[in-house]
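Enquirer: pasting the structure only:
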């Protein structure tokens, strides 16, 4: 295993975690987590509830302190890397009371720290339009965000990240509370964005067919159980390490068994 | 008709009251849409009630309520913000503790220090008693509140809507949190003479809630909230003059009437669409 410093020197590593530990209150939420994600990878982050998926995203985004080890984003600490990451949080963390338009939400990706925005209005509008075109929601530009379906809402938040031109996109539970069709749409959108060289991390509970959807999988249960090509690392042992006594459920849960049940 | 409208303004105190009513209406109703969408009604109420001990000590030391306005509001905002962020009892409980204990402390201080304050005026407002100096202070506070909201509008909106997203984007969310608490506190303290500690909440929340009934998106809801807020305070002032009613409660009831109308208009619209 390379050290964090060596990895950063390489030109492709964008997220380097070297023994990263995060504590929430008195509970260790991440314990000695080591992995290295290269630029432009599409990574699924899987693990049980409380396994540290959201905590890892919070650590990458600089929202929680790292108590031991190191985590580097593009060679910078997560705090310094703010602005290069776009975070699509779980839906219930967003205040959906606000009756905002799709345009206003996407424009948030262009809001700077200073009160004066350096972009001209024309440039802002063109960036918003471009981002919405990429997610296929141009016609919804003036729609109230609360009138959108769950899948459309996720796409608007992804468009916000595209407008921001973030290097890394973090999607926490992107597929929860959306139907299968919307999940397919979001996955196809993620793949399109990935082709543009963005690094994308998606926290998900769905461990089926990960090798078809993602380049790599990061298996978390407070510590890193495995990281690498899904077809290689998602072994029985790794799944058992993550889900413990619920392992049997995943062992039998295959697309084929689904079809059998439906018959 | 025009003579009837301008008749009250033969008196200087009515001119001063009108200017104060307009300034309070603008200040509170520009912040109202943020407050209702962030569920900050209880927090705003606590801010108003927490002024009582500061007013008691300030008046005892020889200051007027207007002179105490800015320092009192900054103190309250910083204190409430710090306690809520660092307490482990939950936001509602922390606000509840501060709300009731400060209000109780205020009454105790008024009694112990033997401060001469008309409690009814303080609780329900006495706009007709504002001095020239009070008017200038309220105008200055209104100007400061509106300017800060305009300058930081997009950042405040981003932070209010998605605080995590705003922080990850690199916005200084700690600053934005305290900035909003301070401007909300300034608007509340500046409006105490207009509507009083108890009714200030009605002028903050009701015009914004009425506006939300009949508008679809956030920015128009702010404009409509300001129109309703100013209309409520000005017409409340007129009604109180002509019918010899207490001004604060009259303003509050005018705002409530507007809300009721908007509520039914919104329901009717929905029924028609269905």
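Expert: Arrived safely, thanks for sending. These numbers were taken from a predicted model, which means no experiment stands behind them.

Enquirer: all helices of the stretch 1-150 of chain B, in order?
Expert: Secondary structure of the stretch 1-150 of chain B by DSSP state H, counting those that start in this stretch: the helices cover B:2-6, B:12-37, B:41-49, B:51-60, B:65-86, B:91-112, B:119-124, B:132-151.

Enquirer: with mean pLDDT, mean neighbour count and distance to chain A added, can I get those helices in JSON lines?
Expert: To be clear about C-beta, it is placed using only N, CA and C from the backbone, and glycine gets the same treatment. Output for the helices of the stretch 1-150 of chain B, formatted as JSON lines (pLDDT from 0 to 100; neighbours: other C-beta atoms under 10 Å in any protein chain shown; distance: least, C-beta to the nearest C-beta, whole Å):
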{"stretch": "helix B:2-6", "mean pLDDT": "79", "mean neighbour count": "8", "distance to chain A": "35"}
{"stretch": "helix B:12-37", "mean pLDDT": "93", "mean neighbour count": "24", "distance to chain A": "4"}
{"stretch": "helix B:41-49", "mean pLDDT": "89", "mean neighbour count": "22", "distance to chain A": "12"}
{"stretch": "helix B:51-60", "mean pLDDT": "88", "mean neighbour count": "21", "distance to chain A": "27"}
{"stretch": "helix B:65-86", "mean pLDDT": "83", "mean neighbour count": "19", "distance to chain A": "14"}
{"stretch": "helix B:91-112", "mean pLDDT": "89", "mean neighbour count": "16", "distance to chain A": "14"}
{"stretch": "helix B:119-124", "mean pLDDT": "80", "mean neighbour count": "17", "distance to chain A": "30"}
{"stretch": "helix B:132-151", "mean pLDDT": "93", "mean neighbour count": "17", "distance to chain A": "5"}
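
Enquirer: a markdown table for these, including distance to residue A:209?
Expert: A markdown table is the format used below for the helices of the stretch 1-150 of chain B (distance: least, C-beta to C-beta, whole Å):
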| stretch | distance to residue A:209 |
| --- | --- |
| helix B:2-6 | 73 |
| helix B:12-37 | 40 |
| helix B:41-49 | 47 |
| helix B:51-60 | 60 |
| helix B:65-86 | 43 |
| helix B:91-112 | 42 |
| helix B:119-124 | 65 |
| helix B:132-151 | 49 |
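
Enquirer: so for the helix or strand encompassing residue A:124, mean pLDDT?
Expert: Applying DSSP states H and E as the criterion places residue A:124 in helix A:121-134. Here helix A:121-134 scores 89 as its mean pLDDT.

Enquirer: any buried residues in the helix or strand following that helix, and which?
Expert: Counting by DSSP H and E, the next helix or strand C-terminal to helix A:121-134 is helix A:150-164. Using 16 or more other C-beta atoms under 10 Å in any protein chain shown as the test for burial, helix A:150-164 gives A:150-164.

Enquirer: can you tell me the strand partners of whichever helix or strand comes after helix A:150-164 and which way each runs?
Expert: Toward the C-terminal end, the helix or strand that comes next after helix A:150-164 (DSSP H and E) is strand A:168-172. Taking DSSP bridges as the criterion, strand A:168-172 forms sheet pairs with strand A:85-88 (parallel), strand A:199-203 (parallel).

Enquirer: show me what from the stretch 1-150 of chain A comes close to chain B.
Expert: When proximity is defined by C-beta under 8 Å from any C-beta of the partner chain, the stretch 1-150 of chain A lies next to chain B at A:61-63, A:82-83, A:85-89, A:93-95, A:97-101, A:104-105, A:107-109, A:111, A:113, A:115, A:117, A:144.

Enquirer: residues from the stretch 151-274 of chain B in reach of chain A?
Expert: Counting by C-beta under 8 Å from any C-beta, the residues of the stretch 151-274 of chain B near chain A are B:151-152, B:154-155, B:157-158, B:160-172, B:212, B:215-218, B:221.

Enquirer: in three-state terms, label residue A:31 for me.
Expert: strand (DSSP: H, G, I helix; E, B strand; the rest coil).
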